[in-house]
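J.: Give me a 3D structure for the following:
(chains A and B, ligands or ions: 2)
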Amino acid sequence: MSTQTMLPESFTALEPFAVDWALTGSAARAARRGSSTAEERQAFYAAAAGELPRALDYLDGKGFDAFDAADERLMAMMLSLGHVALAVEQQKDAEPRHARDRAHMQITKTPAGA
Amino acid sequence: MWKNRAGEIAMNSPNPTFTPVGQDALDWLGTDPVPAKPYYDPEWFELEREAVFRRSWQQIGHVCELPENGSFIRRDLEVLGASLLITRGQDGEIRAFHNVCTHRGTILVDEDEGKRNTFSCPYHMWTFGLDGDLISAPDFESFHVSKAECALPAVACEVVGGLIFVHLGKPEGTLREWLGPYATKLEMMPVARATTFSEYVYEIDANWKLTYDNFQENYHLRFIHPSAAGPVTSPDNPFAYPTAYDFHGPHRSQRIWTKPDMDPPTGVQAIAFQRGAVQAMADGILGTETAKDYLGLFPNFFLFGSPMQHFSHTVYPIAAGKSRGVIRLYWIGEDETPSERFAREYFMATARDVHTEDRAVIERGHKGLASGALKHIHFQTQESLCRHLFNMVAEKVEAYRSEKEGAAA
Ligand code: FES
Ligand SMILES: [Fe+2]
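T.: Ligands and ions are numbered 1, 2, ... in the order given. This next block holds a predicted model:
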């Protein structure tokens, strides 16, 4: 395992999820939700959902202009968490079928970058 | 249609008992079964192209897509076989043209959007300005026409509430006249101040009316959107029917009912709503008069006034059995904070989840109808907006048909 950290210091607990979920682009994040397994979603949600308010407060405190690469990754991960939360909190067992139908809805533009 | 929970956070106006709109108020729309054929028949669709789409203002974009003088967008309107070029001139004016070189008809611009002062046709380098004028053409002295006669063909284009509309026929009046009182509503909604948006697009093997109708009735909500419908329905309004309907000419609207004693959201959803509400408050769009208005502008455009999920939905017909839906969530200002970015991405994904469920069942509906098995379909009182759309389309198609027959006789 690399000792290189990908996330800001105070979020080391989320390091194991960074490679999978710190993705650039709303469409890529939505697609990762769609291709994930229930176990992957559950593990990410369990680790990250409770950290969401603290992560947003930390990132708000810094502001976009002061973001470094680690902050960018934390932001992207939290955006992915939003997608994953819809599967875990809303769709639940319907998620696999929902993912298939959802593939027809192509994200073309977002302020975060599609 | 769908329900939003977002508006609830800031607006706790209790609404103890629900009274649905009665049939009496809607009798004027008729109660007969509606013929099924117009929902799949290619011949009917051919008539709609001219009778409906050539004769209506159509929503095509938003001024925020043309932020600077010299900005342009290209839009294809398959239903009329048109490619349009929409520009913002050096004078700041927004204009629309057929995206067709006047020399020998080549499509002029093939980028979706951009910024420039001139457009050159790749074929023989005729070059046009943002105002459509022909600026230069190689060896033009050898032609037998003046430059003034070679401007790009203009298309009527007007803006209300930040929304750009075009008319590809001969408009009978201004866009504002066409919209009537809904023009003022549009101007009161956040879309009028929007500077950016999130967008997702779907293609669907279904007729545009069948597709559009899905989004103007709540009858399906609890069955097709079980997870979204759960918290927003109640024993006195189990279908989450709207509190009011309104009609103006070919347009219509409904006022969305919100459950007075709704359980607060939990988990990540709750955080998204909290963070989103802070920003909506800062933008001054919470609690506005139009927050519960859901407008359906003839022929194919919706706009929901909800402050935090303020979305438009346009259903573009491609063929009798093929359409494209474009959904946009309009926002005021770029993402100012990471919290705002989070809330916007979450709301976009939420809307996309709900529309996914709609898309799947609409396609299934079209397949059944297109089999020709049914002579009629049925609309109940709370599907009156669907009936109104059919009535408006049928009226225009019949009028067009008799004009044609009159001309042929
Ligand atoms: S067709 Fe465009 S320059 Fe000839
Ligand atoms: Fe729906």
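
J.: which phi and psi does the residue nearest the centre of chain A have?
T.: Chain A has residue A:80 as the residue nearest its centroid, 2.1 Å off, counting by C-alpha atoms, centre = their mean. When quoted as degrees, to the nearest 10, the phi and psi of residue A:80 stand at phi -60, psi -40.

J.: Roughly how far does the residue lying closest to residue B:332 once chain neighbours are set aside sit from residue B:331?
T.: Distance criterion C-beta to C-beta, 6 or more residues apart in numbering or on different chains; nearest residue to residue B:332, sequence neighbours excluded, is residue B:283 at 4.6 Å. For the C-beta atoms, the positions are set from N, CA and C on the backbone; glycine is no exception. From residue B:283 over to residue B:331 the distance is 9 Å, taken as C-beta to C-beta, to the nearest Å.

J.: who's more crowded, the two?
T.: Neighbours per residue (other C-beta atoms under 10 Å in any protein chain shown) separate residue B:283 from residue B:331, with residue B:331 holding more: 27 against 18.

J.: wait, what's in contact with residue B:197?
T.: Counting by C-beta atoms under 8 Å, 6 or more residues apart in numbering or on different chains, residue B:197 makes contact with A:109, A:111, B:62, B:64, B:328-331.

J.: Let me fix that, I meant to ask about residue B:97.
T.: B:84-87, B:132, B:152-155.

J.: Name the SS class of it, please.
T.: Classification of residue B:97 by DSSP: H, G, I helix; E, B strand; the rest coil places it in strand.

J.: Quick check: end-to-end length of stretch B:303-310?
T.: 7 Å (C-alpha to C-alpha, to the nearest Å).

J.: And stretch B:252-269, by the same measure?
T.: End to end - C-alpha to C-alpha - stretch B:252-269 spans 32 Å.

J.: now swap in stretch B:86-95 and tell me
T.: Using C-alpha to C-alpha, the span of stretch B:86-95 from its first residue to its last is 6 Å.

J.: coming back round to it: check contacts around the residue nearest to the centre of chain A.
T.: The contact partners of residue A:80, by C-beta under 8 Å, 6+ apart, come to A:21-23, A:29, A:32-33, A:44.

J.: ditto for residue B:177
T.: Taking C-beta under 8 Å, 6+ apart, one finds nothing in contact with residue B:177.

J.: quick one: it from ligand 1, how far?
T.: 36 Å (C-beta to the nearest ligand atom, to the nearest Å).

J.: now do residue B:191
T.: Using C-beta to the nearest ligand atom, one obtains 36 Å as the distance from residue B:191 to ligand 1.

J.: Which residue, neighbours along the chain excluded, lies closest to that residue?
T.: Nearest residue to residue B:191, sequence neighbours excluded (C-beta to C-beta, 6+ apart): residue B:330, at 4.7 Å.

J.: So the one you found belongs to a helix, correct?
T.: No. Under three-state DSSP, residue B:330 sits outside any helix and is assigned strand.

J.: I figured it hits residue B:310, correct?
T.: Yes. Using C-beta atoms under 8 Å, residue B:330 is in contact with residue B:310, at 5.2 Å.

J.: Find residues that contact each of those two.
T.: In terms of C-beta under 8 Å, 6+ apart, residue B:330 and residue B:310 are both contacted by the residues B:190-191, B:194.

J.: So what's the residue count around residue A:31?
T.: The burial count for residue A:31: 17, using other C-beta under 10 Å.

J.: Now do it, the pLDDT please.
T.: The score at residue A:31 is 98. That number is its pLDDT.

J.: And it, which helix or strand is it part of?
T.: Assigned by DSSP states H and E, residue A:31 falls within helix A:26-35.

J.: which outside residues touch that helix?
T.: A:20-21, A:23, A:41, A:76, A:79-80, A:83-84, A:86-87, A:99, A:102-103, A:106-107, A:110, A:112-114, B:198, B:345, B:348-349, B:352.

J.: Just the buried positions in that helix, please.
T.: Buried residues in helix A:26-35, counted by 16 or more other C-beta atoms under 10 Å in any protein chain shown: A:26-27, A:29-34.
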